[in-house]
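Novice: Following is a predicted model, sequence given first.
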Amino acid sequence: MMDIANRITQHFTDSAHLKLQALEVLAEPIVAAAERMVQCLMNEGKIMACGNGGSAADAQHFAAELLNRFERERPGLAALALTTDTSTITSIANDYSYEQIFSKQVRALGQPHDLLLAISTSGNSKNVLEAIHAAHEREISVIALTGNGGGQIAEALYHSDIHLCVPSTVTARIQEVHLLTLHCLCDAIDYSLLGAE
């Protein structure tokens with residue numbers, strides 16, 4: 001069991017080190033992303049979030065924190081995860097392709113004041129990439145949460161979009177920083193709307 005204890009220590013240490021390293025890279029773009037989200041919500045837009053696997057869970061987690069509450073009482077904020085409707089997702093995947101499960105929703109639900117939060121640890125998720133293209137068609141700003149150098153998503157983003165790229169190639173570590181980043185965004189949104197406690 002000593003080996004497992006050592007591995008656990010290594011995971012905690014690696015995670016802590018990456019978070020401090022990521023802070024230097026991500027602090028400014030997180031501020032910009034929070035400002036863009038507040039602007040969207042104040043203009044009666046909504047934030048649509050998407051991703052696969054752990055990133056789907058992050059999309060749902062973020063939408064829940066906004067729609068319900070984060071750490072303080074406030075009215076609900078307009079956010080939705082495009083990962084939760086199994087009938088919609090399976091019908092699109094069955095009738096068209098899995099690559100279109102998010103883009104068809106963005107085209108149907110998205111309005112110009114909205115925002116797309118596109119989450120992909122690799123930066124190469126095809127269906128997230130298609131959602132970004134659909135957002136651009138609908139004149140919707142994109143905030144991309146990636147790792148691994150940003151992959152194809154980095155190339156697809158417009159200059160006006162915001163890219164939060166975790167400086168790591170390890171999926172688990174990237175996801176840990178993604179969750180912290182999402183909590184920072186939730187806190188910054190609440191602070192911007194409600195002020196200090």
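Specialist: Nice, I can see it. Numbering: from 1, shown residues only.

Novice: Could you use CA atoms for every contact and neighbour count after this?
Specialist: Will do.

Novice: Return the set of buried residues in stretch 122-135.
Specialist: Neighbour counts over stretch 122-135 (16 or more other C-alpha atoms under 10 Å) mark 122-125, 127-135 as buried.

Novice: which one among the residues you listed gets closest to residue 96?
Specialist: residue 127 (12.1 Å; C-alpha to C-alpha).

Novice: so what's residue 77 scoring on pLDDT?
Specialist: We have a pLDDT of 98 for residue 77.

Novice: Likewise for residue 197?
Specialist: The model's pLDDT for residue 197 equals 75.

Novice: What about it, how many residues nearby?
Specialist: Using other C-alpha atoms under 10 Å, residue 197 has 6 neighbouring residues.

Novice: Now residue 47. Its backbone dihedrals?
Specialist: Backbone torsions of residue 47, given as degrees, to the nearest 10, read phi -110, psi 120.

Novice: Show the subsequent helix or strand relative to the longest helix belonging to the chain.
Specialist: Ranked by number of residues, the top helix in the chain under DSSP state H is helix 2-42. Using DSSP states H and E, the helix or strand that follows helix 2-42 in sequence is strand 47-50.

Novice: what's the following helix or strand after that next one?
Specialist: Immediately after strand 47-50, counting by DSSP H and E, sits helix 54-67.

Novice: For that following helix, the averaged confidence score.
Specialist: In this model, helix 54-67 has an average pLDDT of 98.

Novice: for stretch 136-150, same thing?
Specialist: 98.

Novice: if we can go back for a sec, quick one: which of the buried residues of stretch 122-135 is nearest to residue 168?
Specialist: residue 122 (9.9 Å).

Novice: and the closest one, which of the three is it?
Specialist: coil (DSSP: H, G, I helix; E, B strand; the rest coil).

Novice: Quick check, residue 140 in contact with residue 114.
Specialist: Yes - the criterion here is C-alpha atoms under 8 Å, and residue 140 meets it with residue 114 at 5.8 Å.

Novice: Show me which of the two is the more surrounded one.
Specialist: Each of residue 140 and residue 114 has its neighbours counted (other C-alpha under 10 Å); residue 114 has more, 26 against 21.

Novice: how much space is there between that one and residue 191?
Specialist: 21 Å (C-alpha to C-alpha, to the nearest Å).

Novice: mind checking how far residue 108 is from residue 131?
Specialist: In terms of C-alpha to C-alpha, residue 108 sits 11 Å off from residue 131.

Novice: Next: residue 97.
Specialist: Distance from residue 97 to residue 131, by C-alpha to C-alpha: 13 Å.

Novice: got it, and residue 148?
Specialist: In terms of C-alpha to C-alpha, residue 148 sits 19 Å off from residue 131.

Novice: Alright, calling it a day.
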